[in-house]
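Visitor: my questions are about this predicted structure, shown below with the sequence.
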Amino acid sequence: MAPSSTLSGDSSVGTWLDHPVGGLILRDLLAQAGQTADTLRPVRRLAIKRLVKLSKGSFPAELIDELVRRVEIGDVPASAATATTDAAAPAPVDENAVDAVERPEWVERISDGRFTGKTVIVTGAGSGIGRATASRVAREGGRVIAVDIARERLDELVDELPAADIIAVTADITDDNAIAEIVAAAGDQIDALANVAGIMDDMTPVHEVSDAVWKRVFAINVEGTMKLMRAVVPSMLARQAGSIVNVASEAALRGSAAGAAYTASKHAVAGLTKSSAFMYGPSGIRVNAVAPGPVITNIEATFASTLGSERVRAGMAVMPEAVEGDALAASITFLLSDDGVNVNGVILASDGGWSAA
């Protein structure tokens, strides 16, 4: 079978899957690993070379080169070419489809000076949403107190932006002494806090959840968030100004996105956000939350429960494609900045419309 067009590592996963030759080859590769094309649906818009990093070794760079080579020579496995599947045939046209074409990639646009003169604490700053948020605040002129439990990740952030004003603090946000160190690093003026650090649970329903999972998830997602809020509010009250943004989740809006522990913890984050917005709004402090949908981060979902796996996977049937951390940083920094001047107590769903389904 001869190829009909050129594919490369820069071609999106969706382009590969829709290609008459590349789609067959990639689907055959997935089948050998016991998976289907649905596995890649959340990352359809990403360049296929991104899978090298995301797969953590199971999709090596050499495999990308091999896939490209096979497409160029039309090397389709006989089993894939003759299988009774619609993989090689054009997908049926959905007359009700609204988004039939691949959308252009979103491009971040920096607002110069938006955080000039402001000190912003960002937790989870070593990777994912936290790193993207810390980076954007720094590139927009802010002084960033970048907090993470992994020092090497913070060092990478600092090295990446040598001209930025970033103070790296290695800290466990569940530790009271570490909270004190974070506040001390910020100094007397704390203008904003982005509570991004968090962990996922193991998707267990309540009758299977362990005490260890429950306590660990709540310690980081709820207690760590609360402790930092509690620590920065006095400074903000003294200045009658401040902005706090907590990262909640789709699991704060629905019950089908995670297990009992994570879902309950993110509902608690939403409660902390609304209570604090009500309490401190008259004092000039805005408190909001962002509820992300699928995002490419270092937080990995594990399934320790058969029931949990079946139910959560079913609930994710309408999940939109995953985005990168900078898309969430755009939402978070809007609320952190003075641009969000009239927004308080909001749980902003930044989820590609998942919560509307």
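Guide: Arrived safely, thanks for sending.

Visitor: from here on, contacts and neighbour counts on C-alpha atoms
Guide: Noted.

Visitor: now the helices for this structure?
Guide: 13-18, 22-32, 51-54, 61-73, 78-82, 128-139, 151-160, 176-186, 211-218, 225-239, 260-280, 306-315, 325-336 (DSSP state H).

Visitor: spit out the contact partners of residue 68.
Guide: 7, 8, 9 (CA atoms under 8 Å, 6 or more residues apart in numbering).

Visitor: of those, which is the most crowded?
Guide: Taking other CA atoms under 10 Å as the neighbour criterion, residue 7 ranks highest of the contacts of residue 68 with 20 neighbours.

Visitor: ok, back up a step: and which of the contacts of residue 68 is nearest residue 24?
Guide: residue 7 (13.1 Å; CA to CA).

Visitor: just confirm the closest one contacts residue 71, I think it does.
Guide: Yes: using CA atoms under 8 Å, residue 7 makes contact with residue 71 at a distance of 7.3 Å.

Visitor: look at the nearest residue to residue 51 once chain neighbours are set aside and report its pLDDT.
Guide: Once flanking residues are discounted, residue 51 sits nearest to residue 59: 6.3 Å by CA to CA, 6 or more residues apart in numbering. pLDDT, residue 59: 78.

Visitor: which phi and psi does residue 59 have?
Guide: phi -130, psi 80 (degrees, to the nearest 10).

Visitor: let's have the contacts of residue 68 in CSV, adding pLDDT and distance to residue 292.
Guide: Below are these laid out as CSV (pLDDT from 0 to 100; distance: CA to CA, whole Å):
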residue, pLDDT, distance to residue 292
7, 89, 32
8, 89, 30
9, 87, 28
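
Visitor: residue 115: which of the helices of the chain is closest?
Guide: Of the helices of the chain, nearest to residue 115 by CA to CA is helix 128-139, at 6.4 Å.

Visitor: mean confidence score for the closest one?
Guide: pLDDT averaged over helix 128-139 gives 97.

Visitor: gap between residue 332 and residue 113?
Guide: 16 Å (CA to CA, to the nearest Å).

Visitor: same thing with residue 248?
Guide: 27 Å.

Visitor: how about low-confidence regions in this protein?
Guide: 1-5, 42, 53-57, 79-105, 294-322, 353-357 (pLDDT under 70).

Visitor: between residue 332 and residue 113, which one's more packed in?
Guide: The residue with more neighbours, out of residue 332 and residue 113, is residue 332; 31 against 14, by other CA under 10 Å.

Visitor: need the contact list for residue 214.
Guide: 201, 261.

Visitor: distance check, it against residue 175.
Guide: 18 Å.

Visitor: ok, residue 35 next?
Guide: 41 Å.

Visitor: surely residue 45 touches residue 11?
Guide: No: using CA under 8 Å, residue 45 is not in contact with residue 11; the gap is 9.0 Å.

Visitor: return every residue with contacts to both of those two.
Guide: With the criterion set as CA under 8 Å, 6+ apart, the contacts of residue 45 and residue 11 do not overlap.

Visitor: more crowded one of the two?
Guide: Comparing residue 45 with residue 11 by other CA under 10 Å, the one with more neighbours is residue 45, at 20 against 15.

Visitor: starting at the chain centroid, how far to stretch 168-184?
Guide: In terms of CA atoms, centre = their mean, to the nearest Å, the centre of stretch 168-184 is set 23 Å apart from its chain centre.
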